[in-house]
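Colleague: how would this look folded up:
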Amino acid sequence: MFRREPPLFANRTEAGRLLARPVQALGLRDPVVYALPRGGVPVAVEVAAALGAPLDLVLVRKLGAPGQPELAIGAVAEGVGTEPVLNAEIVAATGASEAYIAAARDREMAEIARRRARYMSGRAAVDPKGRTAVVIDDGLATGATARAALHALRRRGAARIVLAVPVAAAEALAAMQGEADEMVCLVKTKLFSGIGAFYRDFHQLSDAEVIAALASPEPPAQGRRVPRPGGRTG
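Modeller: The predicted structure follows:
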């Protein structure tokens with residue numbers, strides 16, 4: 001269910017409303033929506049509201065290479081016993097040792113715990129065991145963080161996993177085949193110039209914006225109507 005003519009989303013909220021329609025069409029049983037913060041949160045708020053599903057976070061942190069913190073050797077997601085998802089080629093090329101990776105993992109897991117406490121204000125995490133986990137981000141560039149999130153939810157017992165994004169690089173989607181039980185994407189592109197190119201407003205969200213979005217009222221049990229691509233609700 002891909003559209004090749006890329007629309008220009010006004011912002012993440014509009015992208016979420018449009019993404020909600022094909023996700024609703026899947027007829028998911030007992031879904032839980034998990035946002036990848038920060039950018040995935042406003043998208044996920046709309047999908048959760050449309051599904052009438054609880055909204056939670058799946059927190060992921062990349063592991064930077066030795067001496068090159070911006071170069072990811074992999075990523076780690078929250079959860080007891082969660083192991084890093086590593087890029088073996090980059091690990092080998094950068095000489096990252098097992099000790100280095102273990103220390104980086106511990107450091108990022110501490111940051112994940114700090115962010116959950118800040119964003120969720122003490123609210124308990126939603127258990128995905130036996131349920132359908134719908135993982136939402138504002139776009140998929142390489143898929144590294146999304147892959148770590150999917151692995152973490154699978155370990156936590158999710159019965160089915162759906163990855164849903166407004167826009168993604170075709171190569172990233174191809175690489176994610178088999179990671180999720182189903183993928184939903186509105187825009188698939190080969191000439192990927194960055195997620196932000198598909199949004200009029202793609203500002204970096206602040207912690208305060210994330211907290212405010214997550215503090216919005218719980219969605220109604222039957223979900224809500226979402227706009228058709230032309231802007232009308234249906």
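Colleague: for residue 185, which non-adjacent residue is closest in space?
Modeller: Once flanking residues are discounted, residue 185 sits nearest to residue 168: 4.9 Å by CB to CB, 6 or more residues apart in numbering. For glycine as for every other residue, the C-beta is placed from the backbone atoms N, C-alpha and C.
Colleague: any idea which element that neighbour lies in?
Modeller: If you go by DSSP states H and E, residue 168 is part of strand 160-169.
Colleague: ok, residue 149 - contacts?
Modeller: With contact set as CB atoms under 8 Å, 6 or more residues apart in numbering, residue 149 has these partners: 34, 36, 58, 60, 77, 135.
Colleague: and the pLDDT at it?
Modeller: Listed pLDDT for residue 149 reads 94.
Colleague: what does the helix ranked longest in the chain contact?
Modeller: If you go by DSSP state H, the chain has its longest helix at helix 98-120. For helix 98-120, contacts defined as CB under 8 Å, 6+ apart pick out 37, 56-57, 59-64, 66, 73-74, 76-78, 84, 86, 91, 96, 125, 207, 210-211, 214.
Colleague: how far does that helix sit from its chain's centre?
Modeller: Taking CA atoms, centre = their mean, to the nearest Å, one finds helix 98-120 lying 18 Å from the centre of the chain it belongs to.
Colleague: list the buried ones in it?
Modeller: Buried residues in helix 98-120, counted by 16 or more other CB atoms under 10 Å: 100, 101, 104, 105, 108, 109, 112, 115, 116, 119, 120.
Colleague: so can I have TSV of those showing pLDDT and distance to residue 158?
Modeller: Shown next, in TSV, are those (pLDDT from 0 to 100; distance: CB to CB, whole Å):
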residue	pLDDT	distance to residue 158
100	97	30
101	96	26
104	95	26
105	94	22
108	94	22
109	93	20
112	93	18
115	92	21
116	93	18
119	95	21
120	92	19
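Colleague: tell me the gap between the host helix or strand of residue 62 and the middle of its chain.
Modeller: Residue 62 belongs to strand 60-65 when assigned by DSSP H and E. On the basis of CA atoms, centre = their mean, strand 60-65 sits 15 Å off its chain's mean C-alpha point.
Colleague: whatever helix or strand comes next after it: how far from the chain's middle?
Modeller: Next in sequence after strand 60-65, counting helices and strands by DSSP H and E, comes strand 68-77. Distance, stretch centre to chain centre, for strand 68-77: 16 Å (CA atoms, centre = their mean).
Colleague: so what does the strand holding residue 62 touch, helix or strand wise?
Modeller: Strand 60-65 sits against strand 68-77, helix 98-120, helix 144-155, with contacts defined as 3 or more CB pairs under 8 Å, 6 or more residues apart in numbering; DSSP states H and E.
Colleague: output that strand as PDB, nothing but the C-alphas.
Modeller: Extracted C-alpha coordinates of strand 60-65, given in PDB (Å, rounded to 0.1, in the frame of the first residue of the first chain):
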ATOM      1  CA  VAL A  60      15.700   3.900  21.200                       C
ATOM      2  CA  ARG A  61      19.200   5.400  21.300                       C
ATOM      3  CA  LYS A  62      21.900   5.000  18.800                       C
ATOM      4  CA  LEU A  63      25.300   3.800  19.800                       C
ATOM      5  CA  GLY A  64      28.000   6.100  18.400                       C
ATOM      6  CA  ALA A  65      31.300   4.800  17.100                       C
END
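Colleague: now the angle from that strand to helix 144-155?
Modeller: Calculated by axes from the mean of the first three to the mean of the last three CA atoms, to 10 degrees, strand 60-65 forms an angle of 120 degrees with helix 144-155.
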